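Visitor: just need the structure, nothing else, for what follows:
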Amino acid sequence: MSPPASAPKTNVYPSPRLGSLVYYAILMVTFLAASSAPTPLYQLYQTTWHFSTTWLTLVFASYVFALLLALLTTGSLSDYIGRRPVVAMAIVGELLSLVLFLVADGLAWVLAARILQGVATGIVTSALAAAMLDSDHTRGPVLASIAPLSGMGIGALFAGVLVAYAPAPMRLVYLILMVLLVVMGLWLTRIPESVTPRPGALAALRPRAHIPPAVRGPLFRVIPAVVSSWALGGFSLSLGPTLVERISGVHNPLVGCLITFLLPFIGGISVLTLRARPPRLAVLLGTACLIVGMLGLLLGVHQQSGAILLAGRRSLVSASAPRSWAPCASSCPWRHPPSVRR
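Guide: Modelled structure (predicted):
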């Protein structure tokens, strides 16, 4: 996306702010942990409320589509009104979604909660990625790629432990996340703003996309691999635990969540390992792992083997990682020049 005509021309970053960087990274982890927290609960919801697997996938898809819509409309908003107001707005939205999860007594409540959660996550990811770059333009982009992956893994694993061993499995994880978000909201008041507000916020809500001619060829060539890797990632996060339990015969939510945890966890390690490598190498390696991983998943299901299924999943996480965190990679810090900072 091309920068607005009124965007300042400066490319001067302030001195690194370690406190702000740590805060925004932790908040990103918290938001993405909340996004994957329902993963071990899907099967429990399905058993309790007796809805089909088709509805289960629609619940997960509703989150993704809401997130994408929010990214398209609010991705540049923090460049105009500031990072902190956008982050505060997202925290309120996320808290409301967690309240819906808490009071849910049927599929409609969970569907509404996931949609609201997707909107809140979409609003905050661009603002947080930009804020991390504001705080430290060297380490910020790396953390912006690793923090979401870490959050997804931590959220799924933590929720799985609570569902398996703690009381009130359909409520406790959301209560803990609410407490964390309230603390992060109070902490936000101590974080300095890095953007000077300027006019144009309403116009920034209009979705705009521009691909420079010089990069269209490479972009279109990697789109199939990117879509495939994240589609399989979505499959793993929505139906992975159910599939693992049926294949392995072990009816413990923690088993499925351990498998789901591998997807973002190894992905984060791969980002750290490959971030300095040539993009072509990362894409070729990721695509190869994608093919091997998919074959491993199919073979594991056919042979009813949890070990083969696990091996295929590990290849898939290596495939997804070189593409990093897609929403963050397309958000403000990488497509706009830095705003005027205080």
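Visitor: immediately after the helix ranked longest in the chain, which helix or strand?
Guide: The helix of greatest length in the chain, counted in residues with DSSP state H as the criterion, is given as helix 213-248. Proceeding C-terminally, helix 213-248 gives way to helix 253-274 as the next helix or strand, assigned by DSSP states H and E.
Visitor: in the following helix or strand past that next one, what's buried?
Guide: Moving toward the C-terminus from helix 253-274, the next helix or strand (DSSP H and E) is helix 279-303. Within helix 279-303, the residues that qualify as buried are 282-283, 285-287, 289-290, 292-294, 296-297, 300, counting by 16 or more other Cβ atoms under 10 Å. To be clear about C-beta, it is placed using only N, CA and C from the backbone, and glycine gets the same treatment.
Visitor: OK, contacts around Gly234?
Guide: Phe60, Ala61, Val64 (Cβ atoms under 8 Å, 6 or more residues apart in numbering).
Visitor: over to Ala168. Which of the three states is it?
Guide: Counting by DSSP: H, G, I helix; E, B strand; the rest coil, the backbone at Ala168 sits in coil.
Visitor: count of residues packed around it?
Guide: Neighbourhood size, Ala168 [other Cβ atoms under 10 Å]: 12.
Visitor: likewise for Ser52?
Guide: 10.
Visitor: so what's it up against?
Guide: Listed by Cβ under 8 Å, 6+ apart, Ser52 has no contact partners.
Visitor: next, it: phi, psi?
Guide: Listed backbone geometry of Ser52 is phi -80, psi 170, with angles given as degrees, to the nearest 10.
Visitor: for Ile123, see how far away it is.
Guide: Distance of Ser52 to Ile123, computed by Cβ to Cβ, to the nearest Å: 31 Å.
Visitor: cool, Leu56 as well?
Guide: Leu56 sits 25 Å away from Ile123 when distances are taken as Cβ to Cβ.
Visitor: any weak-confidence spans in the protein?
Guide: Applying pLDDT under 70 to the chain picks out residues 1-14, 233, 236-242, 248-253, 255-256, 259, 306-307, 309-342.
Visitor: can you give me the strands for it?
Guide: If DSSP state E is used as the criterion, the chain turns out to lack strands entirely.
Visitor: show me what contacts Cys257?
Guide: Neighbouring residues of Cys257 by Cβ under 8 Å, 6+ apart: Thr39, Pro40, Ala156, Leu157, Ala159, Gly160, Val161, Val163, Pro241.
Visitor: neighbours of Leu188, how many?
Guide: The criterion is other Cβ under 10 Å. On that basis, Leu188 has 17 neighbouring residues.
Visitor: ok, it touching Arg83?
Guide: No - at 9.6 Å, Leu188 and Arg83 do not qualify as touching, with contact defined as Cβ atoms under 8 Å.
Visitor: returning to that earlier point: just want to know which of Leu56 and Ile123 has more residues nearby.
Guide: Here Leu56 and Ile123 are set side by side on neighbour count (other Cβ under 10 Å), and the busier one is Ile123, at 26 against 19.
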